[in-house]
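Asks: Build me a model from this:
(one chain, ligands or ions: 1)
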Amino acid sequence: MRDVFLNTAGIEDFIMEDELLALQPAIDSAHNLLTEKRGPGSEYLGWLDLPTTAMTQVPEIMQAAERIKATSDALVVIGIGGSYLGSRAAIEALGHSFHNLKGNATKVLFAGHNLSSSYHADLLDVLQDMDFSVNIISKSGTTTEPAIAFRIIKDLLESKYGREEAKKRIYATTDAQRGALRTLTEQEGYTAFAIPGDIGGRYSVLTPVGLLPMAAVGIDIEALLKGAMQAREDFPDPNLSLNSCYQYAAIRNLLYRKGKAVELLVSYEPGLQYFCEWWKQLFGESEGKEGKGIFPAAAIFSTDLHSLGQYIQEGTKLLFETVIKVSKPRRELLIPHNAKDFDQLNYLADKGMDFVNDCAYKGTLQAHTQGTIPNLVIQLPDLSAQSLGYLLYFMEKACAISAYMLGVNPFNQPGVEAYKKNMYTLLKD
Ligand code: PA5
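Replies: Residues are numbered from 1 along each chain as shown. This is a model prediction of the structure:
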């Protein structure tokens, strides 16, 4: 996709070209580990070919999505981490900004991504008055947060519709063979979707984990997969001067070596907030281990320029920014003329609001690079399903290469167990 590209002008004052080219051997060895499937975690490389293989599942997913739409005002998506962030990212990025308040489209409500009793009790209030279905998503089938939420919401489903109808409204996405959720799914006869064994949670957005909730709210999942397929085809060559996905991995690695320990992913579109959350999990869980890794943070501008802007401009110089810049907004909006010009903004009358957003972007880029914050820009042509699919795959591949360059296993997350162990001990005391 020619229109998605990496603009590196904002790092030229921080990185010399020969420094970048010197990373070619490190890129080559990361590339070989990945493509020859001999790096740590190589049993979790199913995502590499997923854009193509997932295409065959589209009819089955669409059928389930149509059933959800026909029977339900809302779909409750129960999952945590990689089991909900990908679908939420796509739904927020591609849908109407107020999709749950708009028209008759199926609403989507998320549960089981926290342990807040207030959140879930409030959700039950809302669900009392709605026809709803549930998509419980858990690869292990034993994660505490979604398991508790499923118990609670299943009770409501059964009291509302009776046991048999409730079963028809439950869609389970879980491991093909193992786990408590798989066992329950077989016993109860829920509509089931399998998460391939060779795909970990944070790499599962293009499996039914992400695709079913997206399809249920009307996202064109075929276009999303086509975008991902295109990205899969665009980056086969490890040559750094030809591969922008690997350039991104190499540049962030170089900036990290120069003391930039925080990467701030920035967008000027609030719809990308959950894409940023998805990206945070992807890079945070993949790289942050063995005392190493860039801390992935995110901000929406210009919103956060009014909160974090001061720190970014003049605070400790520990971060670099990666901006996801969308060339064409999903919708245009003109600034109206005002006869009294009470706010003295008539010079902007009849200009698009996106023109102002674009000037904020250009002004910020200039101020931040001059304030010694390296800036990378990933230019997206638009916020379409195809462009988003492309970006998802671009990030997945860049992340795997980045982690291999760092010398860590991109596909495990041993550190996540520490809090769980303590919590289980406390729960059983
Ligand atoms: O990346 C991962 O594997 C994790 O963050 C999981 O996505 C998260 O813990 C949810 O796990 P599960 O789908 O098994 O409930």
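Asks: number of nearby residues for the residue in the stretch 151-300 of the chain that the ligand sits nearest to?
Replies: At 2.3 Å from the ligand, residue 201 is the closest residue in the stretch 151-300 of the chain, using Cβ to the nearest ligand atom. Glycine gets a C-beta too; all of them are placed from N, C-alpha and C. Here the count is done by other Cβ atoms under 10 Å, and residue 201 has 27 residues near it.
Asks: same question, the one 5 residues further on
Replies: Residue neighbour count, defined by other Cβ under 10 Å, stands at 26 for residue 206.
Asks: Let me see the backbone angles for it.
Replies: For residue 206, the backbone dihedrals are phi -90, psi 10 (criterion: degrees, to the nearest 10).
Asks: Go ahead and confirm it touches residue 46.
Replies: No: shown here, residue 206 and residue 46 do not form a contact pair, counting by Cβ atoms under 8 Å, at 10.1 Å.
Asks: can you give me the helices for the stretch 151-300 of the chain?
Replies: Using DSSP state H, counting those that start in this stretch, the helices assigned to the stretch 151-300 of the chain run over residues 163-168, 180-188, 208-216, 221-234, 244-257, 273-287.
Asks: For the third one, buried residues please.
Replies: This points to helix 208-216. Using 16 or more other Cβ atoms under 10 Å as the burial criterion, the residues of helix 208-216 that qualify are 208, 209, 210, 211, 212, 213, 214, 215, 216.
Asks: Rebuild those as a markdown table, extending it with pLDDT.
Replies: Conversion of those to a markdown table gives the following (pLDDT from 0 to 100):
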| residue | pLDDT |
| --- | --- |
| 208 | 98 |
| 209 | 98 |
| 210 | 98 |
| 211 | 98 |
| 212 | 98 |
| 213 | 98 |
| 214 | 98 |
| 215 | 98 |
| 216 | 97 |
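Asks: which of these lies closest to residue 152?
Replies: Sorting the buried residues of helix 208-216 by how near they are to residue 152, with Cβ to Cβ, puts residue 213 at the top with 19.1 Å.
Asks: Please identify the residues of the protein in proximity to the ligand?
Replies: In this structure, the chain approaches the ligand at residues 80-83, 138-140, 143, 146, 200-202, 285, 413, judged by Cβ under 6 Å from any ligand atom.
Asks: Can you list which of those residues are found in helices?
Replies: 146, 285 (DSSP state H).
Asks: Only the buried members of the residues of the chain next to the ligand: can you turn that into a ChimeraX selection?
Replies: If you want just the buried ones from the residues of the chain next to the ligand in ChimeraX, going by 16+ other Cβ under 10 Å, the selection is:
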select :80,81,82,83,138,139,140,143,146,200,201,202,285,413
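Asks: Pick out the lowest-pLDDT one from the residues of the chain next to the ligand.
Replies: Comparing pLDDT over the residues of the chain next to the ligand, residue 140 scores lowest. The value there is 89.
Asks: Can you tell me, leaving aside adjacent residues, what's nearest to that residue?
Replies: Taking Cβ to Cβ, 6 or more residues apart in numbering as the measure, residue 140 lies nearest to residue 179, with 5.6 Å between them; neighbours along the chain are not counted.
Asks: Who are the contact partners of the one you found?
Replies: If you count contacts by Cβ atoms under 8 Å, 6 or more residues apart in numbering, residue 179 has them with 138, 139, 140, 141, 142.
Asks: quick one: the second one from residue 392, how far?
Replies: Spatial separation of residue 139 from residue 392 under the definition Cβ to Cβ, to the nearest Å is 18 Å.
Asks: Now do the contacts for the residue of the stretch 151-300 of the chain closest to the ligand.
Replies: Residue 201 makes contact with 81, 82, 83, 139, 209, according to Cβ under 8 Å, 6+ apart.
Asks: from memory the third one sits against residue 203, does it?
Replies: In this case it means residue 83. No: using Cβ under 8 Å, residue 83 is not in contact with residue 203, being 11.7 Å away.
Asks: For residue 339, what is the enclosing helix or strand?
Replies: With the criterion set as DSSP states H and E, no secondary-structure element contains residue 339; it sits in neither a helix nor a strand.
Asks: which residues touch it?
Replies: No residues are in contact with residue 339 under the rule Cβ under 8 Å, 6+ apart.
Asks: Ramachandran coordinates for residue 378?
Replies: Residue 378 has phi and psi values of phi -100, psi 110 when expressed as degrees, to the nearest 10.
Asks: That one and residue 247 touch, don't they?
Replies: No: if you go by Cβ under 8 Å, residue 378 and residue 247 don't touch, sitting 10.7 Å apart.
Asks: Now list whatever residues contact both of those two.
Replies: residue 6.
Asks: ranges for the strands of the stretch 301-429 of the chain?
Replies: Residue ranges of the strands in the stretch 301-429 of the chain, as given by DSSP state E, counting those that start in this stretch, are 319-328, 375-382.
Asks: Let me have those strands in JSON lines, adding mean pLDDT and distance to residue 277 as columns.
Replies: Conversion of the strands of the stretch 301-429 of the chain to JSON lines gives the following (pLDDT from 0 to 100; distance: least, Cβ to Cβ, whole Å):
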{"stretch": "strand 319-328", "mean pLDDT": "97", "distance to residue 277": "13"}
{"stretch": "strand 375-382", "mean pLDDT": "96", "distance to residue 277": "17"}
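Asks: Could you single out the most deeply buried of those?
Replies: Mean neighbour counts were taken over the strands of the stretch 301-429 of the chain using mean count of other Cβ atoms under 10 Å, and the top value, a mean of 21, falls to strand 319-328.
Asks: Adjacent strands (with direction) for that strand?
Replies: For strand 319-328, the paired strands and their directions (DSSP bridges) read strand 262-267 (parallel), strand 375-382 (parallel).
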